[in-house]
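>>> give me a 3D structure for the following:
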Amino acid sequence: MEIKDLGRSLLRKRGTTVFLIIIASVVFVSILEPIFLRWSNIRSIMIGMSSDGLMTIAMTLVLVLGGIDLSVGSVAALSCVITGGLYLSGMDIWLAVLIALAVGVLVGLFDGIMIGKLGLPPFIVTLGMMSLARGGAYIFTQGSPLSLSGAPESFRFIGAGYIADVPVFFLIFIVLAAIFDFLMKHATVFRSIFYIGSNEKAAKLSGINVSKVKIWVYIVSALLATLAGILSLSRFNVATPSLGSGAETRAISAAVIGGATMTGGVGSVLGGVLGVILLNIVNSALIMLNVSVYWQDFVSGFILILAVTIDFLSHRKKS
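Predicted coordinates:
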């Protein structure tokens, strides 16, 4: 009886369910395409999910807070072209990286102040920032990709290098995911994100500085998106203003699949990681099965709607 109860308890956890779906998906695709499990393909999936994974960590934090950040993909593009453009103008690549990170902090600070201090809706603020950052990226490059040549190997290594045949980009993503997952579960300041997302008024009455927490959460979100852009530049060696298009949709999908809710107060970084793994497995499977590239966005949108619908229905049932 105890084993039965344990099994039911595990199945109630979103992370366990997503993990089982991942296993089932891998088995199913491997039967159709045995080369799916080749290390070269697994490595490609690792690299492909890393940028979206960093933005999924950011989106999870923001969703748990009860907000949303639609600007992550555009901020990644802005940081990418700033770093690449400054390097091509003669600046040291690492100084260019620091300037891009500083811009990321300013973007997050602006969003946080507008949302946390002035009380503007997160959807509107980050939607506006999405257009501002994307427009800035296109203005900075005049709409043309910037090809980097002669970039230091130390910079190329962080995005395109390998350690024990595992992509460094992926290792950075996993290490940051582990750190943020631990902080979300054990650090007091991170636990306040859950309290605010669950009941903002109660959080204020309990002494939590809500506006301050919102500001630093949006700063962290922008920094993670900035890092994704810089690492993508290192990986592709090209600064393109179209980088990260649709990344906010994929990040929301992954976070919600992993257990975050659109109403706040619930979610985990580990769940978001599992969500982004599932999405990338599906995407890789579609490519290997020669499904038209046009179907990939369709499937991604369908998964997002399905995840949000399931989340809504489950919460309505609980209520």
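>>> burial of Ile257, as a residue count?
28 (other C-beta atoms under 10 Å). Backbone N, C-alpha and C define where each C-beta goes, glycine included.
>>> look up how far Gly143 lies from the closest residue to it other than its chain neighbours.
Among residues not flanking Ile257 along the chain, Gly275 sits closest, at 3.6 Å (C-beta to C-beta, 6 or more residues apart in numbering). Look at Gly275 and Gly143: by C-beta to C-beta, to the nearest Å, they are 33 Å apart.
>>> what ranges do the helices span in the chain?
2-12, 14-32, 39-65, 72-88, 93-112, 122-141, 153-160, 168-186, 188-198, 200-205, 210-236, 247-257, 269-288, 294-318 (DSSP state H).
>>> so can I have TSV of the ones you listed showing mean pLDDT?
Formatted as TSV, the helices of the chain follow (pLDDT from 0 to 100):
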stretch	mean pLDDT
helix 2-12	44
helix 14-32	86
helix 39-65	94
helix 72-88	95
helix 93-112	97
helix 122-141	95
helix 153-160	93
helix 168-186	95
helix 188-198	92
helix 200-205	92
helix 210-236	96
helix 247-257	91
helix 269-288	90
helix 294-318	73
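>>> right, so of those helices, which gets closest to Thr263?
helix 294-318 (6.8 Å; C-beta to C-beta).
>>> now what about the closest one, what contacts it?
246, 249-250, 252-253, 256-257, 261-263, 279, 282-283, 286-287 (C-beta atoms under 8 Å, 6 or more residues apart in numbering).
>>> got a ChimeraX select line for the buried ones in the residues you listed?
Only the buried entries of the contacts of helix 294-318 go into this ChimeraX selection, using 16 or more other C-beta atoms under 10 Å:
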select :249,250,252,253,256,257,261,262,279,282,283,286
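>>> nearest to Arg191, out of the contacts of helix 294-318: which one, please.
Thr261 (16.8 Å).
>>> quick one: that closest one and Gly267 touch, right?
Yes. Contact criterion C-beta atoms under 8 Å: Thr261 and Gly267 qualify, at 6.7 Å.
>>> next, show the common contact partners of the two.
Common neighbours of Thr261 and Gly267 (C-beta under 8 Å, 6+ apart) are Leu63.
>>> and Leu289, its phi and psi?
phi -90, psi 10 (degrees, to the nearest 10).
>>> and it, what does it touch?
29, 32-33.
>>> closest to Val72 among the residues you listed?
Val29 (28.2 Å).
>>> residues near the closest one, how many?
Neighbour count for Val29, taken as other C-beta under 10 Å: 19.
>>> repeat for the one 10 residues further on
Other residues within reach of Trp39 by the criterion other C-beta under 10 Å amount to 9.
>>> residue contacts, the closest residue to Ser245 other than its chain neighbours?
Nearest residue to Ser245, sequence neighbours excluded (C-beta to C-beta, 6+ apart): Gly73, at 6.2 Å. Shown in contact with Gly73 (C-beta under 8 Å, 6+ apart): 55, 130, 225, 243-248, 251.
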